[in-house]
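From the sequence below, what's the structure:
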Amino acid sequence: MAPKTLYDKHIDSHTIRKLDDHGHVLLYIDRQVANEYTSPQAFSGLREAGRKVRRPSATLGVVDHVNPTAPQRTAEAADAGGARQVSYFGRNCEDFGIELFDILDGRQGIEHVVAPEQGFILPGMVVAAGDSHTTTYGALGAFGFGIGTSEIEHLLATQTLVYKKLKAMRVIVHGPLAPGVTSKDVIMALIGRIGASGASGFAIEFYGSAIEDLSVEARMTICNMAVEAGARGAFMAPYDKVYAYLADKPRAPKGEMWDRAVAQWRRLYSDPGAHFDRVVTLEAGELAPMVTWGTSPDQVVSIDGSVPDPKQEPDPLRRWDMERALRYMDLAPGTRLDSLPITHAFIGSCTNSRIEDLRAAARVLRGRKVAGGVRAMIVPGSTPVKRQAEEEGLARRFIDAGFEWRQSGCSMCLAMNDDVLAPGDRCASSTNRNFEGRQGAGARTHLMSPAMVVEAAIAGRLADVRNTQGKEPEA
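Numbering: from 1, shown residues only. Reported below is the predicted structural model:
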């Protein structure tokens, strides 16, 4: 048999039927996660057609997008539209037999944080959901991808999807990361290298010594943001750290079933000699903390760099995009990023709100305080993450430094509820998208790692976390 990529193995093992000679197959889906924001039309379609959900146990319902994140959790939503979405979602889950983590559930959180921490996603699975960042699950050796509302309805009714096979890209990351550089910087550097559409039509497999050295949660950050390069899927071969991460999860196999599962998971890797349609290589030791300057994740430079000049861009379309971004961001070419003052600092989202992200952010504090005039917020990725951070004393450190400590949810990642920036606000953010209006109409977003967000909050401007790492706090 010809050598196969990890992507080939997932798709081939889940193909029910080949549909044509153009790569379309009928694909079996192991699991799906539904939320209140992208599922209403799908459930309405099922009701109108008189259809049932084929495998209710394969679906997990999570309220995460529209719920308030105010410090005191309540089931009431101030926004009437959001309240209706939550109510309808609850009714749908009850009527169709789907387990629901609602607002007051002790397991509630952002779906791409909740599903892995519950052990709902396992290596070798194919997972689809109505959210583009379903690519996150590739960190566990699963294949996850986002789908639209009509596809959600079809999936719920049949547990299958019509799917067109992608090309395969391998991204090799060599060597150890330098101090102050994180997995967020790896994926932002890649997006900057290949562009926001550089991986369109591809599934990316991340490979190399730097990837092997990462924790599971750091791997999730990379797979999560792979979609910002246009990828419809992201992979990393599972390894011992993944098995250790999953071993104590509530829904992971136990006993003999666990041993049999791990034996199967160890086969999940790309065969030597497998063909990749494109290979990209990054040298980890050459990377620096990255910050976006524009309105697309690929408009990014290192924190010690400057805003680029569109006049130096030969491609007219990219030049036009740069000029528009500079107008929106109110920036001039040549401006040093570490000179830009901020009004807000936000740590949250399905990209960077796990317990390891909060630990890394807390280490940067070292007794320092948020700068005057900066509103700093932390929204944990799930209620269990929030609870763990409180038990470890992280929450108290954030609060004492001047951060708002809030409940879990998508929050300011996409300007939900009251977590919205005003026109002209400039935010250092650990989120995944810096589009125009993403965090509020007229608001300006700079993407970076959680540690860099804390450094910016303390400095009152974009700042390089490497300049203060390892130093003792001032008296």
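
which strand is the longest one in the chain?
Taking DSSP state E as the criterion, the chain has its longest strand at strand 167-174.

Give me the buried positions along that strand.
Of the residues in strand 167-174, those buried under the neighbour-count criterion (16 or more other Cβ atoms under 10 Å) are A168, M169, R170, V171, I172, V173. From N, CA and C alone the C-beta is placed, and that goes for glycine too.

Kindly report the same for stretch 272-292.
Going through stretch 272-292 with 16+ other Cβ under 10 Å, the ones that come out buried are A274, F276, V280, L282, A284, L287, A288, P289, M290, V291, T292.

tell me the phi and psi of the last one?
For T292, the backbone dihedrals are phi -80, psi 150 (criterion: degrees, to the nearest 10).

Buried residues in stretch 199-218, which are they?
Residues of stretch 199-218 classed as buried by neighbour count (16+ other Cβ under 10 Å): 199, 202-208, 210-211, 214, 216-218.

Same question for stretch 426-445.
Of the residues in stretch 426-445, those buried (16+ other Cβ under 10 Å) are 426-434, 436, 438-440, 443-445.

any idea which of these is closest to R324?
Nearest to R324 out of the buried residues of stretch 426-445 is E436 (Cβ to Cβ; 8.6 Å).

Check the gap between the closest one and L462 for me.
Between E436 and L462 the distance, using Cβ to Cβ, to the nearest Å, works out to 19 Å.

Moving C-terminal from whichever helix or strand E153 is part of, which element do we reach first?
Of the helices and strands defined by DSSP states H and E, E153 is found in helix 149-158. Proceeding C-terminally, helix 149-158 gives way to strand 160-164 as the next helix or strand, assigned by DSSP H and E.

Assumed V242 was part of a strand.
No. V242: not assigned to a strand; according to DSSP: H, G, I helix; E, B strand; the rest coil it is helix.

What is the neighbour count of it?
The local packing count at V242 equals 22, with neighbours defined by other Cβ atoms under 10 Å.

In this structure it contacts E217, no?
No. Contact status for V242 versus E217: not in contact, 11.0 Å apart, counting by Cβ atoms under 8 Å.

Residues that sit against both of the two, list them.
The overlap between the contact sets of V242 and E217 (Cβ atoms under 8 Å, 6 or more residues apart in numbering) consists of A139.

mind listing the strands for the stretch 101-250 of the chain?
If DSSP state E, counting those that start in this stretch is used as the criterion, the strands of the stretch 101-250 of the chain fall at 126-129, 143-146, 160-164, 167-174, 202-207, 234-235.

Pull up the pairing partners for the shortest one, direction included.
When you say that, I think you mean strand 234-235. Pairing partners of strand 234-235, with direction, according to DSSP bridges: strand 202-207 (parallel).

now the strands of the stretch 101-250 of the chain as TSV including mean pLDDT and distance to Y7?
Written out in TSV, the entries for the strands of the stretch 101-250 of the chain read as follows (pLDDT from 0 to 100; distance: least, Cβ to Cβ, whole Å):
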stretch	mean pLDDT	distance to Y7
strand 126-129	98	11
strand 143-146	98	7
strand 160-164	98	12
strand 167-174	98	5
strand 202-207	98	5
strand 234-235	95	6
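
Make TSV out of the buried residues of strand 167-174 and add distance to L6.
Formatted as TSV, the entries for these read as follows, by distance: Cβ to Cβ, whole Å:
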residue	distance to L6
A168	9
M169	12
R170	10
V171	13
I172	14
V173	16
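
Now for the residues you listed: which two are most distant?
Distances among those were taken as Cβ to Cβ; the most separated pair is A168 and V173, at 16.7 Å.
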